[in-house]
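> I would like to see how this sequence folds:
(one chain, ligands or ions: 1)
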Amino acid sequence: FAVRYDRFKDESGQDIGIIMILQDITERQKLENMQMDFVANVSHELKTPLTTIKSYTETLLSGDVEDKELTRNFLSIVDAEADRMNRLVKDLLQLSRLDYKQEKWYKKDSNLISLLKSAVTKVELTAKNKNQHLNCIFDDSQRIMVVIDKDGIEQVLLNILSNAIKYTQEGGRIDIDAFRVGKYARIIIADNGIGIPEKELSRVFERFFRVDRARSRAMGGTGLGLSISKQIVEDHNGNIELESKEGKGTKVTISLPLAPIRGRQNIE
Ligand code: ADP
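As a prediction, this is how the structure comes out:
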């Protein structure tokens, strides 16, 4: 609580009373704490790759490394860390555009099934490299029309699919389904991977939250993917939910409003 006093005086200047204002600043305090945490997180995330870059360039500049192979090795690490910073800054800029409602959406009637199919195709190779099976349950001849910015929703699908692949062991399986429920299109992406401990589950949509920072980092993650995805889906009046059991797997459900019926497209 913030406390403020004011004195009441009569005409002669004599105190006749005190007014005390108690203001609940919990919300404000929470917001300030969140902002401070965010800045600390951003700084930390940028500092880590910078430290690596600096140590490798210093070593190279010292002239002590003569081996060509080793030099190349060092340079590729520098390159990867620079890529990482790039991804981070890109994600941060997008988050800021989303926060300020400045992201431009070009929403059009689109068939969610073909978008989902093309997203699955884009991650197929990554899954194959881990011997994982992408199990498409949906009927790919049907059309489920939604009003969406295709790039935006594709980004969400790719993010959720990549997470499923990243956080699932070699040989794992990812079930992908899409269907209509009332006035909504629903997409389900369920993996049988490492899952998320119950106590961490409520935090996964927070910015920079990762169950295992080192693991996510090693996989190239920024810890911003799910929070960006959530904002994009919400900007489409949709909803994204995540259920998970540690050691069993994770299920992500995305719901998007169906396009209003124009002709027969959404009732076939
Ligand atoms: P990251 O870039 O770290 O993948 P995200 O915002 O996409 O960031 O996800 C946040 C965290 O949620 C991840 O670091 C991971 O710990 C957890 N997570 C997300 N998807 C899955 C999944 N399918 N299985 C297990 N854990 C997941």
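> which SS class is the residue nearest to residue 221 when sequence neighbours are not counted?
Among residues not flanking residue 221 along the chain, residue 210 sits closest, at 6.6 Å (Cβ to Cβ, 6 or more residues apart in numbering). Where you see a C-beta, it was placed from the backbone N, CA and C, and this is true even at glycine. Under DSSP: H, G, I helix; E, B strand; the rest coil, residue 210 falls in the coil class.
> please tell me how far residue 210 sits from the ligand.
Counting by Cβ to the nearest ligand atom, to the nearest Å, the separation of residue 210 from the ligand is 3 Å.
> equivalent analysis for residue 224, please.
Residue 224 sits 6 Å away from the ligand, going by Cβ to the nearest ligand atom.
> now that residue, nearest residue through space, not along the chain?
Residue 224 sits nearest to residue 91 (Cβ to Cβ, 6+ apart), 4.3 Å away.
> would you confirm that residue 59 contacts residue 73?
No: between residue 59 and residue 73 there is no contact under Cβ atoms under 8 Å: 11.1 Å.
> using CSV, list the CA coordinates for the helix or strand containing residue 118.
According to DSSP states H and E, residue 118 maps onto helix 112-129. Extracted C-alpha coordinates of helix 112-129, given in CSV (Å, rounded to 0.1, in the frame of the first residue of the first chain):
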residue,chain,number,x,y,z
LEU,A,112,-6.8,-23.8,-42.7
ILE,A,113,-6.3,-27.4,-43.9
SER,A,114,-4.0,-26.4,-46.8
LEU,A,115,-2.1,-24.0,-44.5
LEU,A,116,-1.6,-26.8,-42.0
LYS,A,117,-0.5,-29.2,-44.7
SER,A,118,2.1,-26.8,-46.0
ALA,A,119,3.4,-26.1,-42.5
VAL,A,120,3.7,-29.8,-41.9
THR,A,121,5.7,-30.2,-45.1
LYS,A,122,8.1,-27.5,-44.0
VAL,A,123,9.0,-29.3,-40.8
GLU,A,124,9.0,-32.8,-42.3
LEU,A,125,12.7,-32.9,-42.9
THR,A,126,13.6,-31.8,-39.3
ALA,A,127,11.3,-34.6,-38.0
LYS,A,128,12.7,-37.1,-40.3
ASN,A,129,16.2,-36.3,-39.1
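> now do the very next helix or strand once past it: distance to the chain's middle.
Going down the chain from helix 112-129, the next helix or strand is strand 133-136, by DSSP H and E. Strand 133-136 sits 23 Å away from the centroid of its parent chain (Cα atoms, centre = their mean, to the nearest Å).
> for residue 106, give its distance to the ligand.
Taking Cβ to the nearest ligand atom, one finds residue 106 at 24 Å from the ligand.
> what about that residue, how many neighbours?
9 (other Cβ atoms under 10 Å).
> what does residue 232 give?
24.
> check which helix or strand it maps to.
helix 225-235.
> pull the residues that contact that helix.
With contacts defined as Cβ atoms under 8 Å, 6 or more residues apart in numbering, helix 225-235 is touched by 91, 94-95, 98-99, 103, 105, 152-153, 155-156, 159-160, 162-163, 204-207, 239-240, 242, 254, 256.
> any buried residues in that helix, and which?
For helix 225-235, a neighbour-count test (16 or more other Cβ atoms under 10 Å) marks 225-233, 235 as buried.
> ok, now stretch 42-49?
Buried-residue list, stretch 42-49, by 16+ other Cβ under 10 Å: 45, 48-49.
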